[in-house]
Each structure stands twice: as structure tokens, then as C-alpha cells.
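# Here is a sequence together with a model predicted from it:
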Amino acid sequence: MTKTKWVIDPTHSKIGFKVRHLMISNVLGNFKQFDGEVLTDGNDFANASINLSIDTASVDTEIADRDAHLRSADFFDVENHPKMKFTNLTFEDLGDDTYNLNGNLEIKGIVKPVKLSVEFGGVMKDPWGNEKAGFSITGKLNRKEWGLNWNSALEAGGVLVGEDVKIICDIELAKQV
């Protein structure tokens, strides 16, 4: 069967994250620049092939000083590692429009496996006749596994930045003809 190519529609997609701050609240952020491609058998996303590239310099938490720190060698080291990459290994259909997405995530040159949960929103044509597919993706990873180790101990105990990072993505794909 001929493969169908889909690309991420960046104007209708968001790749975000959430991490604990001071052990009592969360900081939200996202990446403003990314692109990705999905290859499927027609409109069947089971066993899809997924490749995603994220510009690490595009990290945005709405605080310029914090974003600059995230771009530094303490975190993403964007000068030496301008891209974060994800390639799937499996995209397993669990039924009821839910999937397990297993793949390799590369950050700072370190490649580790990740498991993400995916909710399929469906396929729809927009008013201009373009076919689109929507997905919500969530997961959790430990940032230290990718060398994002910076932290500061708190006087009252605990740390400034949590180790676990929650992944929160909404992705709209555009079918290529």
C-alpha cells in the first residue's frame, strides 16, 4: 500500500511541558518552532512512522531570564544541541481512539526510550478541503536522564526544579497530496 504523508500544522499545534517549581507549584512552557512528519497506510495511524524535530532555542516559559537559563548549558545547551528529536518505534492501537506511542527521544545528544499516551481526535476536512487529523499526547520523563541536571537545594528542604517533566502536546496534522 502507498504511504500517506502527513505534516504537523504548526499554527494549530502546541508542544508543551510542565515541571514543579519550589515543590509547590508548576511552571508551564512550550516550544515555538518544530516540524514533524508522519507516514501512514491511508488514514490508518496504527503502525504509523513518526519523526519530530524541535528547535531547543524556541523554548518559551514567558519569562525571558528563565528562557535564557533553559537555553544555557545548564539545561538544553542550544549552542551545541540546537535540536531535540523524537522517532517512534511503535504506535500501538489500544482501541477507543487511544494509542501507546513508544519511541526514542534525543536531547543533548542523549537518546532514551519514552512511552507516551495518545488520544486520537479524528480526521476532518477544513473549509478549504484540506484533510486534517488531531491528537492529544501526554507523558512523563525524568529530565536528569538526558543530562538536564541543574538544580538548587531549598533551605527548607526539597529542590527548586522538579525532576519529572510532564509532556502536554496537541498536534494537528495536514495530509499531503
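Yes, it's here. Computed from a predicted model, the values in this text were never measured in an experiment.

# check contacts around Pro10.
Contacts for Pro10 (Cβ atoms under 8 Å, 6 or more residues apart in numbering) come out as Gln33, Phe34, Asp35. All C-beta atoms are positioned from the backbone trio N, CA, C, and that covers glycine.

# Quick check: the second one vs Asn26, distance?
Computed with Cβ to Cβ, to the nearest Å, the distance linking Phe34 and Asn26 is 22 Å.

# These two: which is more packed in?
Phe34 (21 against 11; other Cβ atoms under 10 Å).

# Now do the same for the residue nearest to the more buried one when sequence neighbours are not counted: its pLDDT.
Excluding the flanking residues, the one nearest Phe34 by Cβ to Cβ, 6 or more residues apart in numbering is Ile54, at 4.4 Å. We have a pLDDT of 98 for Ile54.

# for Ala156, same thing?
In this model, Ala156 carries a pLDDT of 69.

# ranges for the helices of this structure?
64-71 (DSSP state H).

# in it, which ranges drop under the pLDDT threshold?
Across the chain, residues meeting the criterion (pLDDT under 70) sit at 1, 154, 156-159.

# Walking through it, point out its strands one by one.
For the chain, the strands defined by DSSP state E cover 3-8, 14-21, 25-31, 34-41, 44-55, 59-60, 83-95, 98-107, 110-125, 131-142, 161-175.

# need those in a markdown table with distance to Ser72, can you?
What follows is those, written out as a markdown table (distance: least, Cβ to Cβ, whole Å):
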| stretch | distance to Ser72 |
| --- | --- |
| strand 3-8 | 27 |
| strand 14-21 | 16 |
| strand 25-31 | 15 |
| strand 34-41 | 20 |
| strand 44-55 | 16 |
| strand 59-60 | 11 |
| strand 83-95 | 15 |
| strand 98-107 | 14 |
| strand 110-125 | 17 |
| strand 131-142 | 20 |
| strand 161-175 | 14 |
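
# now for those strands, which one comes closest to Arg66?
strand 25-31 (7.6 Å; Cβ to Cβ).

# What residues sit buried inside that closest one?
Buried residues in strand 25-31, counted by 16 or more other Cβ atoms under 10 Å: Val27, Gly29, Asn30, Phe31.

# right, and Ile15 touches Gln33 too?
No: using Cβ atoms under 8 Å, Ile15 is not in contact with Gln33, being 9.6 Å away.

# of the two, who's got more company?
Each of Ile15 and Gln33 has its neighbours counted (other Cβ under 10 Å); Ile15 has more, 24 against 15.

# Relative to Asn151, which of the strands of the chain is closest?
Among those, strand 161-175 sits nearest to Asn151 (Cβ to Cβ), with 5.3 Å.
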